[in-house]
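In: Give me the fold of what follows.
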Amino acid sequence: MIILAATPIGNLGDASTRLVEALTTSTVIAAEDTRVTVHLLKALGIENRPRLIALHDHNERGKAAELVELARDTDLLVLSDAGMPTVSDPGFHLVDAAVAAGVVVTAIPGPSAVLTALAVSGLPTDRFTFEGFLPRKHGERMHALREVAAERRTMVFFESPNRLAASLTDLAEVLGADRRVVVCRELTKFYEEVKRGTAAELAEWAAAGVRGEICIVVAGATPQVLDLATGVDEVLKLVAAGARLKDAAADVSAASGLGKRDLYEAALTGKSAGTGATRTKATPQPELPLL
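Out: Reported below is the predicted structural model:
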């Protein structure tokens, strides 16, 4: 079978008994970075030296079939550098191939940066979504943020410390300067820090520079109570910022409860009028008497 095993995200003491047992007895390990796995074995005092196979983003698709066949005859332990494989880490394509081939897949649960950040954030945890890393490029990042602007569930993102300030600035622009945001840095490590505030406040804080592994937790959107005219104005603002009319109507509909088709058709009428806003009824002019 294939065994997905969660590894510590910063504190070695979080290695579970089951993980230590698996590392001690495994004969083959597929690892995101074999050097990290060797370091983990040494740090845990494990003398076992299993066969190590590199499995990372650049080779996973090509390696998946081979590893699935290997897992038919022996247990294959799969590790990422930190946390659970497949969650913003290699492993998904391998699991997909294993399921298709009828090979058993199981997991050894353990540390998760996503769940840890969510738990300490102080934001609602009953419904949430994990969005992975935001795009590197500004335009693509703005598009990605517009797509989740109306999301009502708490959102969790990963981010590079080098892009944190830029991402928070874009987040404040698209989702609103007052949107509640929590930045979790170096979770489970000695210098762990959890910074809470609005998107604008945290963008200003991050501008000075931030180091370490970063998770961003963002409060979901608050449903808006809008009339149709105001909703159409919101749609047209999103269109002016670069969104497609269809997408903008869907976003405002999700946030306000207004009908998507009603918003689309009314905004289309306003757009065709060339005003950039909803059309207004012209004031009738008095007729002149015929001479």
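In: Please enumerate the strands of the stretch 101-250 of the chain.
Out: Counting by DSSP state E, counting those that start in this stretch, the stretch 101-250 of the chain has strands at residues 105-108, 128-133, 154-159, 180-185, 193-198, 214-218.
In: Could you identify which of those is most buried?
Out: When the strands of the stretch 101-250 of the chain are scored by mean count of other CB atoms under 10 Å, the highest mean neighbour count falls to strand 214-218 (a mean of 25). C-beta coordinates here come from the backbone N, C-alpha and C atoms, glycine included.
In: give me the number of residues near Ser160?
Out: When neighbours are defined as other CB atoms under 10 Å, Ser160 has 14 of them.
In: next one: the one 10 residues further on
Out: The local packing of Asp170 (other CB under 10 Å) involves 22 other residues.
In: what residues are up against it?
Out: By CB atoms under 8 Å, 6 or more residues apart in numbering, Asp170 lies in contact with His138, Arg141, Met142, Leu145.
In: closest to Ala22 out of the strands of the stretch 101-250 of the chain?
Out: Checking the strands of the stretch 101-250 of the chain against Ala22 by CB to CB gives strand 105-108 as the closest, at 6.0 Å.
In: What pLDDT does the model give Val156?
Out: Among the per-residue scores, Val156 shows a pLDDT of 98.
In: Would you mind listing which of the contacts of Asp170 are buried?
Out: Arg141, Met142, Leu145 (16 or more other CB atoms under 10 Å).
In: so what's the residue nearest the centre of the chain closest to, chain neighbours aside?
Out: Here the mean C-alpha position of the chain is nearest to the C-alpha of Glu131 (CA atoms, centre = their mean), at a distance of 1.5 Å. Excluding the flanking residues, the one nearest Glu131 by CB to CB, 6 or more residues apart in numbering is Phe157, at 5.1 Å.
In: how near is the residue nearest to the centre of the chain to Val156?
Out: In this view, Glu131 and Val156 are 7 Å apart by CB to CB, to the nearest Å.
In: if we can go back for a sec, would you format the strands of the stretch 101-250 of the chain as CSV with distance to Leu77 included?
Out: Formatted as CSV, these follow (distance: least, CB to CB, whole Å):
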stretch, distance to Leu77
strand 105-108, 9
strand 128-133, 24
strand 154-159, 24
strand 180-185, 28
strand 193-198, 32
strand 214-218, 26
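In: of these, which approaches Glu47 most closely?
Out: strand 105-108 (20.0 Å).
In: how distant is that closest one from the center of its chain?
Out: The chain centre lies 23 Å from the centre of strand 105-108; the measure is CA atoms, centre = their mean, to the nearest Å.
In: Partner strands of it and their direction?
Out: strand 2-5 (parallel) (DSSP bridges).
In: Quick check: buried residues in stretch 196-212?
Out: For stretch 196-212, burial by neighbour count (16+ other CB under 10 Å) applies to Arg196, Thr198, Ala199, Ala200, Glu201, Leu202, Ala203, Ala206, Val210.
In: nearest to Leu70, of the residues you listed?
Out: Of the buried residues of stretch 196-212, the one sitting nearest to Leu70 (CB to CB) turns out to be Val210, at 41.2 Å.
In: how about Leu41, what does it touch?
Out: Applying CB under 8 Å, 6+ apart, the residues contacting Leu41 are Leu23, Asn48, Arg49.
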